[in-house]
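Colleague: Structural data only, the sequence is not supplied:
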């Protein structure tokens with residue numbers, strides 16, 4: 001299983017200027033190689049290397065291995081574009097949008113990320129420094145900071161390339177780690193359903209509830225602050241807006257990490273599997289009032305599901321995804337389904353058997369039942385063959 005570990009670099013002003021010049025030069029070279037690839041159709045790595053390798057070295061002053069990495073980045077960009085064209089993500093065949101994309105060379109931002117392999121970048125884990133190639137020469141003793149857990153992952157499992165990233169005035173290195181997965185538990189005791197929502201970010205069939213009120217309050221505060229700064233429209237307001245950029249996304253990511261870790265740890269401790277609801281296309285299916293649309297579209301449920309998935313694979317916890325239709329209207333005790341079973345948003349009262357539950361807990365129990373049925377149906381029967 002591949003995990004990306006991102007560490008923060010601590011360059012001095014001179015080192016930062018050298019890194020900035022390196023990114024700018026590499027992306028200028030990538031732009032030139034992209035124009036050649038578009039004009040000649042040489043989007044294959046070896047064909048493009050034969051066409052522009054020596055020119056890039058002479059014109060932009062790149063060393064051999066950084067030149068190869070630049071060409072690899074360009075070819076990967078064209079491969080991704082071709083995959084999107086084939087999937088129809090950039091318009092139908094013959095459409096103006098598709099023709100415009102096909103006829104335009106891919107361009108790279110001056111500060112776009114640049115990959116480095118082990119010939120261009122070396123790690124000194126004990127000293128927490130890296131040595132990296134730049135256009136100003138080899139830069140040594142460039143410090144970085146990271147958590148103990150991430151440092152352990154880097155030391156034991158780092159493989160392949162690392163990307164140099166510049167974002168919001170800060171420098172990062174994103175390294176790929178090949179982490180082994182534990183064998184999936186073939187005989188879980190049961191399954192724990194996880195119901196996702198906005199007011200309650202996640203509710204499990206074991207009764208754990210992770211409230212989203214604090215995060216939603218923070219989002220409303222950020223929205224009011226952004227609106228206020230946009231109305232002022234001064235230079236200082238724009239600087240503050242730029243500084244606040246991505247802060248809300250980082251907060252939501254941190255909350256999702258905490259919730260997913262807690263859910264997976266409980267499932268591992270109790271020897272249970274996890275059942276999630278298939279919410280693909282939920283934003284297009286659900287009708288919301290105008291005041292609720294912002295909360296719906298800022299809801300990062302896909303990220304939370306991804307976090308639960310990869311953390312569960314690391315410890316061997318099985319994860320199932322089931323259809324959530326009518327789980328909020330169906331009684332988890334008697335299977336009676338009715339809209340009248342939900343008198344309020346957070347209260348479930350069965351009109352048939354009279355059971356009273358928190359609505360999200362009831363839905364998560366229904367998910368657990370469906371997950372158990374899917375798991376049982378997918379297993380090979382061990383029942384003895386009946387005699388004649």
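Modeller: Great, that's in hand. Keep in mind that this is a model prediction, so the values were computed, not measured. Residues are numbered from 1 along each chain as shown.
Colleague: Quick one: residues contacting residue 315.
Modeller: For residue 315, the contact set (C-beta atoms under 8 Å, 6 or more residues apart in numbering) comprises 182, 264, 268. C-betas here are computed from N, CA, C, even on glycine.
Colleague: Okay, strands next: where are they in the stretch 101-250 of the chain?
Modeller: Ranges of strands in the stretch 101-250 of the chain, per DSSP state E, counting those that start in this stretch, are 114-116, 121-124, 129-134, 137-145, 158-167, 170-178, 190-196, 200-204, 209-211.
Colleague: and residue 4, which of these is closest to it?
Modeller: Smallest distance to residue 4 across these (C-beta to C-beta): 5.4 Å, for strand 170-178.
Colleague: if we can go back for a sec, just the ones in helices from the contacts of residue 315, please.
Modeller: Assigned to helices by DSSP state H, the following of those qualify: 264, 268.
Colleague: so which of the contacts of residue 315 comes closest to residue 342?
Modeller: When the contacts of residue 315 are compared for distance to residue 342, the smallest value, 29.3 Å, is given by residue 264; criterion: C-beta to C-beta.
Colleague: Let me know the pLDDT of that closest one.
Modeller: Note on residue 264: pLDDT of 95.
Colleague: what do you get for residue 45?
Modeller: For residue 45, the pLDDT comes out at 89.
Colleague: how many neighbours does it have?
Modeller: Other residues within reach of residue 45, judged by other C-beta atoms under 10 Å, total 16.
Colleague: again with residue 142
Modeller: Residues within reach of residue 142, counting by other C-beta under 10 Å, total 22.
Colleague: any low-confidence regions in the protein?
Modeller: Counting by pLDDT under 70, the chain contains low-confidence ranges at 281-299, 379-388.
Colleague: middle-most residue in it, spatially?
Modeller: The residue at the geometric middle of the chain, judged as the C-alpha nearest the mean C-alpha position with C-alpha atoms, centre = their mean, is residue 303 (5.8 Å).
Colleague: which non-adjacent residue is nearest that one?
Modeller: The spatially closest residue to residue 303, leaving aside those adjacent along the chain, is residue 256, at 5.4 Å (C-beta to C-beta, 6 or more residues apart in numbering).
Colleague: Quick check: the one you found touching residue 307?
Modeller: Yes - with contact taken as C-beta atoms under 8 Å, residue 256 and residue 307 are classed as touching, separated by 5.4 Å.
Colleague: Please say which of the two ends up with more neighbours.
Modeller: Counted by other C-beta under 10 Å, residue 256 and residue 307 do not tie: residue 256 has more neighbours, with 23 against 20.
Colleague: how close does that one get to residue 199?
Modeller: As defined by C-beta to C-beta, to the nearest Å, residue 256 lies at a distance of 16 Å from residue 199.
Colleague: now swap in residue 222 and tell me
Modeller: Distance, residue 222 to residue 199, by C-beta to C-beta: 18 Å.
Colleague: now for the helix or strand encompassing the residue nearest to residue 303, which elements pack on it?
Modeller: Of the helices and strands defined by DSSP states H and E, residue 256 is found in helix 247-270. Under the contact criterion of 3 or more C-beta pairs under 8 Å, 6 or more residues apart in numbering; DSSP states H and E, helix 247-270 touches strand 190-196, strand 200-204, helix 213-232, strand 272-277, helix 301-315.
Colleague: Reformat these as CSV; add distance to residue 126.
Modeller: Output for these, formatted as CSV (distance: least, C-beta to C-beta, whole Å):
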stretch, distance to residue 126
strand 190-196, 40
strand 200-204, 39
helix 213-232, 38
strand 272-277, 38
helix 301-315, 25
